[in-house]
Each structure stands twice: as structure tokens, then as C-alpha cells.
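[1] Have a look at this fold, sequence not included:
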């Protein structure tokens, strides 16, 4: 394999790891409907994400990242998404050249008929990215291809506001440590208000994750957050999706 090959030599990686996906809904509490489903990696016998990710290493990282995208799209195409979006996590350190690495994703979407404008690519802020310019270039290319972009676990990782200064994603997912007991914690409410002000100025959609109580959900809604994700609404569903909530528990 020459270094000029489209896959940069990574095509030779072998993935001796069988896995599947669970899907957790992201709910629009104002509309009372599911806005998206996040694909979460699982073992084929239901093992958690940690079990799967513990088998990912430098030798199979690229192959795993590519396989995750394809698996999520293939499963989603056969499930009743009813117009909801699909959110896929990606590993920025596995992407060597964005325009080349996205080809498999585009091919899977075309083959299954899943619309690319309903795909969100999210990266966790908790993953150390050695080259932040590289991550920015990935986001820019994904947006150019028509995908939405998101930063997961915002407020708990390495980059924080520095990443926002370089690239403004479509969505910021507030880390659960910011949303936990927010209805009882004025400090957390103050911090979230500040983040929401930044989101408003930059045209970014805020999303609260890890919502587990009605009190948290009500407080977040009162702050102006419509999109939420957490056990209050539904746990991840193994190889299927939760039904759209007929009535949200917010009163």
C-alpha cells in the first residue's frame, strides 16, 4: 500500500471485533417528540460500551471507527426512526483525512437510503485531541457534506471554549455533571446560563444530557433548553428504538 492510497494505508487494518448498537432517544420537550436517536456501541450479547472500547487500540482504531458508522446507519435504516435524526460518535484520532474517511459513511447512507442530512456526527470533549486544527478540519468537511455536528460532554473535557473559538458546531451537549441536580443548585444554573448565552450568540443548539429527574428537566426547560437526553425519558434500547413519548413527564 503506497502512502498515496485513498485510505492512507489504514485499509489494511483488520477488525476482529463483533459489536452492535443500542439507541437512546434525544427528546424535544417542547414538541413532545423524539428529535434524534444516538447510536451507542454494545457487544453482541449486550455488553456495555466499555467492554467494546476496551478492545480498540492503535492497530484497529480506524477500522473500528469506520465500522461503527456503517453499523449505526445500517441498523437505523431498518428501524422506525419516523424522521428522527441519527447521532453517531466518531473518534477524531482515527480520521487521517476527512474527505477520504467519509466515503464509507456516504456509501452506507446511499446503499441503505438513510438521508445524510439526518445524520449528526458528535465528538466527545473528553477525548484528548493532539491536533485541534485537525479536529476543526474534520468538522468543516462534515458540515460541507451536509452532516450536522456536535460536541458531546461539553464542560467536562480538554478543549472547552478553546474549541468553540475555532469551530462552532450545530449542537453542544451539556455534560451530565452540569445538569445533575440543577434544579437544586444555583451554581450549576449560573454556569449553564452562561453557556446558553454563548450558544445564543453563536447560533448553537444546546442539548442537555444525563437528565434523570423531573426537577432537572423542568429547570432545564425553564432555562430555555428544549432538547434533552437521559434515563428520565428512556434508557438505550438494544438494537431498537424507543417509541415516541405520547406525554412527557414535565407537567
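    Sure, I can see it. None of the values given here were measured: they were computed from a predicted structure.
[2] in the stretch 151-251 of the chain, which spans are helices?
    Under the criterion DSSP state H, counting those that start in this stretch, the stretch 151-251 of the chain carries helices at the ranges 161-166, 176-179, 186-202, 214-223.
[3] now the strands for this structure?
    19-28, 33-43, 85-89, 119-124, 148-154, 171-174, 205-209, 227-229, 237-238 (DSSP state E).
[4] what's the shortest one packed up against?
    Right, the one you point to is strand 237-238. strand 19-28 (3 or more Cβ pairs under 8 Å, 6 or more residues apart in numbering; DSSP states H and E). For the C-beta atoms, the positions are set from N, CA and C on the backbone; glycine is no exception.
[5] worst-scoring helix or strand of this protein, pLDDT-wise?
    Every helix and strand of the chain was ranked by mean pLDDT, DSSP states H and E. The lowest is helix 98-101, at a mean of 78.
[6] follow-up on the earlier one: take the helices of the stretch 151-251 of the chain and lay them out in CSV including mean neighbour count and distance to residue 69.
    Formatted as CSV, the helices of the stretch 151-251 of the chain follow (neighbours: other Cβ atoms under 10 Å; distance: least, Cβ to Cβ, whole Å):
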stretch, mean neighbour count, distance to residue 69
helix 161-166, 14, 22
helix 176-179, 19, 25
helix 186-202, 14, 27
helix 214-223, 19, 30
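[7] Specify the stretch among those helices that is closest to residue 84.
    Among these, the nearest to residue 84 by Cβ to Cβ is helix 214-223 (19.1 Å).
[8] The closest one vs helix 186-202, what angle?
    40 degrees (axes from the mean of the first three to the mean of the last three Cα atoms, to 10 degrees).
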